[in-house]
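Asker: how would this look folded up:
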Amino acid sequence: MQQNLLRSVMFIKQLIMIKALPCCISCNKLIRDGIYNSAFYPNLLTLLSAFFVLAGIVSALAYLNGGRHLSRNAGAALSPVPLKTAGTVLGIGLGGFADGIVLHQLLQWHEMLSAKIPATDYIGKSVNMFWDGIFHLFCLLVVLIGVGMLWRALTLSSALKSGRILIGSMFCGWAIFNLIEGMLNHQLLGLHNVMEYAADHQPANYTYLSVSVLMLIFGMWLASTSYSRKH
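Answerer: Okay, the predicted model is just below:
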């Protein structure tokens with residue numbers, strides 16, 4: 001009974017503090033100082049390192065989607081490459097959104113920099129929310145690129161059209177995002193963990209990578225099965 005009463009008092013106190021401290025960067029000096037401090041550029045560079053790897057993959061796929069490639073099936077009338085590359089890029093972007101929406105926002109298992117800036121108080125949560133926004137901005141750009149590539153693939157008379165190829169390629173892209181995210185942000189850079197507040201981080205981190213490998217295998221199987229059926 002006393003514990004419940006104490007929790008209620010603490011909750012009301014937090015509400016009062018939130019009312020006194022506006023939750024926006026431009027009007028809250030504590031949040032602003034938590035973001036734009038001496039660690040801003042190191043955090044930005046560290047955060048962008050995984051994005052650079054993903055951006056390189058997206059650029060290579062966009063190059064292939066543009067038709068400047070040598071098809072492995074030179075005699076085939078239709079090429080699966082435009083749809084496969086478009087689906088993979090879409091999968092990378094949508095996989096990032098799924099990660100951010102489910103793990104960051106709905107379940108709140110971790111935030112973008114929660115291993116470096118604990119999201120255990122009002123300021124830490126707000127600072128991590130800013131970096132989550134940078135992450136989602138990147139995902140939005142990748143999805144827009146993927147939509148453009150998909151539109152081009154659907155308008156090409158020489159491109160093979162198949163729902164299985166598209167869905168399989170999207171699973172591959174989602175898996176690629178997860179693997180880059182898991183190996184770089186979780187293991188190498190230590191920006192966050194899948195379950196930040198667990199006593200042991202590694203079981204969830206390794207499960208995340210294992211599921212991603214299975215998604216990649218499934219996506220490759222689905223796309224290749226569709227392609228083989230067409231021939």
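
Asker: C-terminal to the helix ranked longest in the chain, what's the next element?
Answerer: When every helix of the chain is counted residue by residue (DSSP state H), the longest turns out to be helix 122-155. Using DSSP states H and E, the helix or strand that follows helix 122-155 towards the C-terminus is helix 163-180.

Asker: so for that next one, mean pLDDT?
Answerer: Mean pLDDT, computed over helix 163-180, is 95.

Asker: give me the contacts around stretch 209-220.
Answerer: Counting by C-beta atoms under 8 Å, 6 or more residues apart in numbering, the neighbours of stretch 209-220 from elsewhere in the structure are 91, 168-176, 178-179, 182-183. Any C-beta I mention is one placed from the backbone N, CA and C, and that applies to glycine too.

Asker: ok, these vs residue 82, which is closest?
Answerer: Lowest distance from residue 82 to the contacts of stretch 209-220 (C-beta to C-beta) belongs to residue 169, with 10.5 Å.

Asker: circling back to that earlier point, how about the longest helix of the chain: buried residues?
Answerer: Buried residues in helix 122-155, counting neighbours by 16 or more other C-beta atoms under 10 Å, are found at 122-132, 135-136, 138-139, 142-143, 145-146, 149-150, 152-153.

Asker: returning to that earlier point: tabulate the contacts of stretch 209-220 (a markdown table), appending distance to residue 100.
Answerer: As requested, these are arranged in a markdown table below (distance: C-beta to C-beta, whole Å):
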| residue | distance to residue 100 |
| --- | --- |
| 91 | 15 |
| 168 | 23 |
| 169 | 21 |
| 170 | 17 |
| 171 | 18 |
| 172 | 19 |
| 173 | 15 |
| 174 | 13 |
| 175 | 16 |
| 176 | 16 |
| 178 | 12 |
| 179 | 16 |
| 182 | 14 |
| 183 | 18 |
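
Asker: quickly check those for the two that are furthest apart.
Answerer: The widest separation within the contacts of stretch 209-220 (C-beta to C-beta) is 22.4 Å, between 168 and 183.

Asker: those two: which has the busier surroundings?
Answerer: Neighbours of residue 168 and residue 183, each counted by other C-beta atoms under 10 Å, are more numerous for residue 168; the result is 26 against 16.
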